[in-house]
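K.L.:
Here is my input, please return the structure:
(4 chains)
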Number of protein chains: 4
Amino acid sequence: MTHATEKIAVGILGATGTVGQRFIQLLEGHPYFYVAALGASPRSAGKAYSDAASRSWKQSTAIPAEVASLIVQSCEVQNFKQCRVIFSGLDSDVAGEIETAFLKAEFAVFSNAKNHRMDPIVPLVVPVVNSAHLDIIPHQRSVHGLKKGFLVTNANCSTTGLVVALKALQDAFGPLSRVVVTTMQAISGAGYPGVPSLDILGNIVPYISGEEDKLETECAKILGATNSDATGFTAPAELKVSASCNRVPVIDGHMESVMVEFAKRPAPSVDQITAALKSYTSDAQKLGVPSAPENPIIVKSEADRPQPRLDIMVGNGNAIAVGRIRECNIFDVKFSLLSHNTILGAAGSSIMNAEIAVAKNLI
Amino acid sequence: MTHATEKIAVGILGATGTVGQRFIQLLEGHPYFYVAALGASPRSAGKAYSDAASRSWKQSTAIPAEVASLIVQSCEVQNFKQCRVIFSGLDSDVAGEIETAFLKAEFAVFSNAKNHRMDPIVPLVVPVVNSAHLDIIPHQRSVHGLKKGFLVTNANCSTTGLVVALKALQDAFGPLSRVVVTTMQAISGAGYPGVPSLDILGNIVPYISGEEDKLETECAKILGATNSDATGFTAPAELKVSASCNRVPVIDGHMESVMVEFAKRPAPSVDQITAALKSYTSDAQKLGVPSAPENPIIVKSEADRPQPRLDIMVGNGNAIAVGRIRECNIFDVKFSLLSHNTILGAAGSSIMNAEIAVAKNLI
Amino acid sequence: MTHATEKIAVGILGATGTVGQRFIQLLEGHPYFYVAALGASPRSAGKAYSDAASRSWKQSTAIPAEVASLIVQSCEVQNFKQCRVIFSGLDSDVAGEIETAFLKAEFAVFSNAKNHRMDPIVPLVVPVVNSAHLDIIPHQRSVHGLKKGFLVTNANCSTTGLVVALKALQDAFGPLSRVVVTTMQAISGAGYPGVPSLDILGNIVPYISGEEDKLETECAKILGATNSDATGFTAPAELKVSASCNRVPVIDGHMESVMVEFAKRPAPSVDQITAALKSYTSDAQKLGVPSAPENPIIVKSEADRPQPRLDIMVGNGNAIAVGRIRECNIFDVKFSLLSHNTILGAAGSSIMNAEIAVAKNLI
Amino acid sequence: MTHATEKIAVGILGATGTVGQRFIQLLEGHPYFYVAALGASPRSAGKAYSDAASRSWKQSTAIPAEVASLIVQSCEVQNFKQCRVIFSGLDSDVAGEIETAFLKAEFAVFSNAKNHRMDPIVPLVVPVVNSAHLDIIPHQRSVHGLKKGFLVTNANCSTTGLVVALKALQDAFGPLSRVVVTTMQAISGAGYPGVPSLDILGNIVPYISGEEDKLETECAKILGATNSDATGFTAPAELKVSASCNRVPVIDGHMESVMVEFAKRPAPSVDQITAALKSYTSDAQKLGVPSAPENPIIVKSEADRPQPRLDIMVGNGNAIAVGRIRECNIFDVKFSLLSHNTILGAAGSSIMNAEIAVAKNLI
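P.N.:
Residues are numbered from 1 along each chain as shown, chains lettered A, B, ... in the order given. Okay, the predicted model is just below:
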């Protein structure tokens, strides 16, 4: 690979949406990738991106100049021939078929959509957690009769932050038996226009459609192992997860109150748990990919942290912050956890997954 | 008692504070009680209430005219001679001694402060839950050598809503073994000036000093029974509670994500639990006291309820709203719960406790 | 009229929308009117209101039981035969033709929509300001060849609060020459789903489509007089209004910073202006209609008032609050003004207009 | 000056406060300056900064490591001997005397406090507006008998953004006669703990103590000229400013609705005004100091901009954003304006003023 001298052309599907915008923002000046093509709905196709997205661009930085002038295409394979990698921020109502078409056309597809996450031969990868799941790609290619193409998904935003901490604990202390998580999720997780302001200003909505099920299901897949011949994934035997999901009036940053019980007795102490979280590293760090944070987990020692407003950008949004690690009357430990739902929890995961795939010579 | 024709004079301690203001607001036009005296810090003493509270009055209704002209007194017994009942909204740094002085001077004292809540001969009463604990009052009087005076406390605001639901479940299905609660608490719970806006606007703070301990401890006392000779309280043997408390940018209304496990097997079904919550009633309903809501628990059937903005005033703020009653992967049931933290969760509880005491001829 | 014993049947068009919901809420238990029919889009027609509005009902009180079971109709004249009065909360894209059809079918139509507001024979009435404009109704009937029917509109929500104060000043001190108003408008003014939360949480949007033009134009019509033969309206000759409209993260309540210059010299003093605002009354007070607030204008003396959270319900939402009346370096006076945008600023105005029409024997 | 190779030691007074924190954040890695000493109240003196500020640090980036370990000093001259430049973020109740002491001890003092702003021999400088006012420094030194010391203040945060636009218009089209400004100011302008959340969440407060007077007074001084012998300032003869100041629930970013009338007739067109704002540059650009934004004014063409959430960081917080430039019924033009109240509006101005002073060899 010669990415230092020659960058890889990437296409972004769903480019005008909230996740698509984050891809564009995060890929500005990226050392491996450059944005070569943009796909969106037929309504936007044919327009310069700056026109197509002028009303909906909700990032606090401007549209990069080199992207602003790209002509938006419909999401068909022939419009992305110059690209090697596809990042998909498509809505789930269309993502399934479109992503499959790109996969079969030999693209390396990195998807935020939920459609293929639970497919038994599709890796569901949080880059600072289970990039080892990319080992299944040769098998995925053989099933589909592909040479270069493959499809990798990343997790739901509320799952993503949680599994970083759970993986650190599982690595250090063995299998987890029970995990209770209550989320307080930011409005940006619902996209744009997303949550009406009359529903959330000064309010809490104790429901996010499908979220609890995704959280409970995805955790098991991500925390599992690839089987011995790298043809599938095995979920942890003991793990039970129970989630309660709430929407809160925060722009970016999912907070989670978490309780964990370990399978092994005696359980580790709060100090041991704190040390394990602080010292956790993943393949992303070992490979040294550009988006990898120095530490995947930042442990805050102040009594009232983490907080979205103050801690959301730890590791440039690609790490998580954990605090209030303390004993629990019922389980072994409880703590508060914060992750950036549109960076590590969405576009940032996809990009780091692609970086890891480059580092592993899959691209 | 002749309250229909002759109202009972009450005094309010801590009258300029947030809880004191709610007392004044809720007592306007009360059928049993009228505000005859106001106590506050020496800084306010000697001023008309309208002057003392002009900057700090944060209710959405005006100061009642008959209270506005009352001269604020220092919180000493001799200034409240015309009163039979004392409502205390004092801060905990001064509440302990002052409330004891009023108790010993033969007043009926109803306190929001935490100081005496865990005293083994002081009832900790949520009026729609455990007014039976008032049975200990004769013993309390005998210990202190009193004829008429007694002291009743009400619970911490985050405890209050929770125990209403737990009591309904305990009454219907027997002892609870494990309860997990994650709170999302409104800013009015912290009083005024309370939470700085820079800390909470668009943010979540995963910490409220002392709150988790209060919640875990108070639940056990409230859900317990008086012993056979009415000289003390017995906490439920099996019950373990684990709380995680968060501050959220909501004005009024504490939301709680709750998980419950029953001691008995098999556990009741979701439908049975729903029915039990809907049909729950308490002594307050049976006695027909003025503040008693028709139903202590309103069960919302919509998928995304309860919500603070829409449901906070169920039962005029003296009921709780419960929704999303559903199965849990780990415990027997989980649900969302909302209560008004400054009505049922504070001044409203004190007032209803006093109404019940009147109905029980304790006043 | 026999409204004390026999209430008048009313129909509500646009019944599932935000304004329609307010009509339903405000008409619960109304002494003159009862809701006999509900109209909405074909999508809702045929459903019980409780089903049609279950997801969109965003009021903090429940749907009144007698309305919940009404079957929603399409907005056609034949579905409202039992009604004498029609309240329209229709969107402006359909309101024009539908309201005209009801007018021509001899209904008394009270509309919130903008479509007919500037029609030269349609009164644009803020009930505590210019109910004298109802004098044109005989002329309106004669133009349309009607016996009983007529159409009255009420003003845009940001206009409504302003003209109450301006009318009081004009009555007391003669014509106004220049008025500058900068609005900070609540999100409920945009209906539901209305403003996306990502646009307004912790943010200000300095633009509301069409709002500044409406404010500038409507003020002139409302502050004008009917001509001598009651066939039209004459705008005040000297009046110039310049508006700047902003959306702010407030649920209910439009705040306005206002500056006023009088045509006559010398201008009145701040004290004279304050006295005139305090003592202002309108026909609504003189006629004693049920929704009329005791005083249309509540003057707040505290330095930091009015505020939406504290003052929005003055006069049950049908009065305005004014404060910070002070000298201006450029004009004669400046002050802050608050009105409830969905009560006086929408459904409340329509209802009070209808009450006045009843009192004037127009219905 | 050898700042490229040898940085200038600076001290920060009021280092634990909100403005002091911004100084520390903005000076991290600064090409001219390094933080050598920190001053705060006696309560903090003697502690490491990381300890003194641990509870109050409210920036979204961590305390720079080299500052964290500095020992906080009391604000006395002898504790800052190693410094050449002093940045003061002191509260106005102590700033007056302390800053004078540092001035007389020959420091170059750059102050955010209001105390000395209107002193006739103290420049009140917004760096992208009137750095020419630094010409008075020789006179200031001679009055005080100083060789190197001088004192420069920067403006109130709500003044700062406004005068950038006004200066551009004055430069292009001659004197302004009347300016009306209604502000919607962020909570960070009030420091920490500052505005209680109960006062501002979902609310507007139409009052900020002293703000309107500061805005009206400071504009005149800043837009004035130094007199011919550089011994004082002359305010523009015709200029009248009328301000109405409101606090809004926004973290950072003051929005202002502005109306302007020019002294000369005919007034420029909206297009000419737009062009003048876009092309405006100041000494800061010409001198090329490190904090100078490429353009002091960014004109937004979208109908609904600028907005705090999206535009607050234009020019890294040292430019302003202007939009909605349009005709006005009363004055010549109206527009919306946004500035970062704690960067350009506070610490950023002080730092850029110091950079300009270095570039002008005053340091």
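K.L.:
all strands for the stretch 201-350 of chain A, in order.
P.N.:
A:225-226, A:233-234, A:240-247, A:254-262, A:297-299, A:320-326, A:333-339 (DSSP state E, counting those that start in this stretch).
K.L.:
Nearest to residue C:94 among those strands would be which one?
P.N.:
Closest to residue C:94 of the strands of the stretch 201-350 of chain A is strand A:240-247 (Cβ to Cβ; 31.9 Å). In short, each C-beta sits where N, CA and C put it, glycine included.
K.L.:
check whether that closest one contacts chain C.
P.N.:
No. Contact of strand A:240-247 with chain C (Cβ under 8 Å from any Cβ of the partner chain) is absent, the minimum separation being 9.3 Å.
K.L.:
Can I get that strand in CSV, CA atoms only?
P.N.:
C-alpha atoms of strand A:240-247 as CSV (Å, rounded to 0.1, in the frame of the first residue of the first chain):
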residue,chain,number,x,y,z
LYS,A,240,-26.9,-11.1,29.6
VAL,A,241,-27.5,-7.4,28.9
SER,A,242,-30.5,-5.4,29.8
ALA,A,243,-30.8,-1.9,28.4
SER,A,244,-33.1,1.1,29.1
CYS,A,245,-32.8,3.9,26.5
ASN,A,246,-33.7,7.5,27.0
ARG,A,247,-33.4,10.6,24.8
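K.L.:
so for that strand, what's the average pLDDT?
P.N.:
The pLDDT scores in strand A:240-247 average 98.
K.L.:
which ones are touching the most far-flung residue of chain A relative to its centre?
P.N.:
The C-alpha centroid of chain A is most remote from residue A:266, which lies 33.1 Å away (Cα atoms, centre = their mean). For residue A:266, no contacting residues are found, by Cβ atoms under 8 Å, 6 or more residues apart in numbering or on different chains.
K.L.:
Now do it against chain C, distance only.
P.N.:
Noted for residue A:266: a distance of 45 Å to chain C, by Cβ to the nearest Cβ, to the nearest Å.
K.L.:
so what's that residue scoring on pLDDT?
P.N.:
Looking at residue A:266, the pLDDT reads 97.
K.L.:
again, but for residue A:2
P.N.:
On the pLDDT scale, residue A:2 is placed at 42.
K.L.:
ok, how many other residues are close to residue A:120?
P.N.:
For residue A:120, the neighbour count with other Cβ atoms under 10 Å in any protein chain shown is 11.
K.L.:
From residue A:150, how far out is it?
P.N.:
Between residue A:120 and residue A:150 the computed distance is 15 Å (Cβ to Cβ, to the nearest Å).
K.L.:
Please apply the same query to residue A:11.
P.N.:
15 Å.
K.L.:
which is the next helix or strand following the longest helix that chain A contains?
P.N.:
Longest helix in chain A by number of residues (criterion: DSSP state H): helix A:157-173. Scanning forward in sequence from helix A:157-173 by DSSP states H and E, the next helix or strand is strand A:176-185.
K.L.:
which ones are touching whichever residue of the stretch 151-300 of chain A sits closest to chain D?
P.N.:
Closest contact between the stretch 151-300 of chain A and chain D, by Cβ to the nearest Cβ, is at residue A:202 (4.3 Å). Contacts for residue A:202 were tallied using Cβ under 8 Å, 6+ apart; they are A:249, B:249, B:250, B:251, B:308, B:309, C:251, D:201, D:202.
K.L.:
Pretty sure residue A:363 sits against residue A:109.
P.N.:
No. In this structure, residue A:363 is not within contact of residue A:109 by Cβ atoms under 8 Å, at 11.0 Å.
K.L.:
Could you tell me which residues touch both of those two?
P.N.:
The contact sets of residue A:363 and residue A:109 overlap at residue A:85 (Cβ under 8 Å, 6+ apart).
K.L.:
if you count what's nearby, which of these two comes out ahead?
P.N.:
Ranked by neighbour count (other Cβ under 10 Å), residue A:363 and residue A:109 place residue A:109 first, with 28 against 20.
K.L.:
ok, now which ones touch the nearest residue to residue A:344 once chain neighbours are set aside?
P.N.:
Of all residues not flanking residue A:344 in the chain, residue A:318 sits nearest, at 4.9 Å (Cβ to Cβ, 6 or more residues apart in numbering or on different chains). Taking Cβ under 8 Å, 6+ apart, we find residue A:318 in contact with A:127, A:128, A:291, A:292, A:293, A:340, A:343, A:344, A:348, A:352.
K.L.:
Residue A:149 too?
P.N.:
Per Cβ under 8 Å, 6+ apart, neighbours of residue A:149: A:102, A:103, A:104, A:105, A:106, A:107, A:108, A:109, A:141.
K.L.:
Quick check: phi and psi on the last one?
P.N.:
When you say that, I think you mean residue A:141. phi -60, psi -40 (degrees, to the nearest 10).
K.L.:
now residue A:33
P.N.:
With angles defined as degrees, to the nearest 10, residue A:33 shows backbone torsions of phi -120, psi 150.
K.L.:
Surely it and residue A:85 touch.
P.N.:
Yes. In terms of Cβ under 8 Å, residue A:33 counts as a neighbour of residue A:85; the distance is 6.6 Å.
K.L.:
Can you work out which residues contact both of those two?
P.N.:
Common neighbours of residue A:33 and residue A:85 (Cβ under 8 Å, 6+ apart) are A:8, A:9, A:10, A:354.
K.L.:
Look up how far residue A:199 lies from residue A:193.
P.N.:
11 Å.
K.L.:
Adjacent strands (with direction) for the helix or strand containing residue A:9?
P.N.:
Element membership for residue A:9, per DSSP H and E: strand A:8-13. Strand pairing for strand A:8-13, using DSSP bridges, gives strand A:33-40 (parallel), strand A:85-88 (parallel).
K.L.:
From chain C, how far off is residue A:217?
P.N.:
Distance, residue A:217 to chain C, using Cβ to the nearest Cβ: 27 Å.
K.L.:
actually residue A:34, sorry about that
P.N.:
For residue A:34 relative to chain C (Cβ to the nearest Cβ), the value is 28 Å.
K.L.:
Let's see the pLDDT reported for the spatially closest residue to residue A:345 that is not a sequence neighbour.
P.N.:
Distances taken as Cβ to Cβ, 6+ apart put residue A:157 closest to residue A:345, at 3.3 Å, once the chain neighbours are dropped. On pLDDT, residue A:157 comes in at 96.
K.L.:
This completes my enquiry, with thanks.
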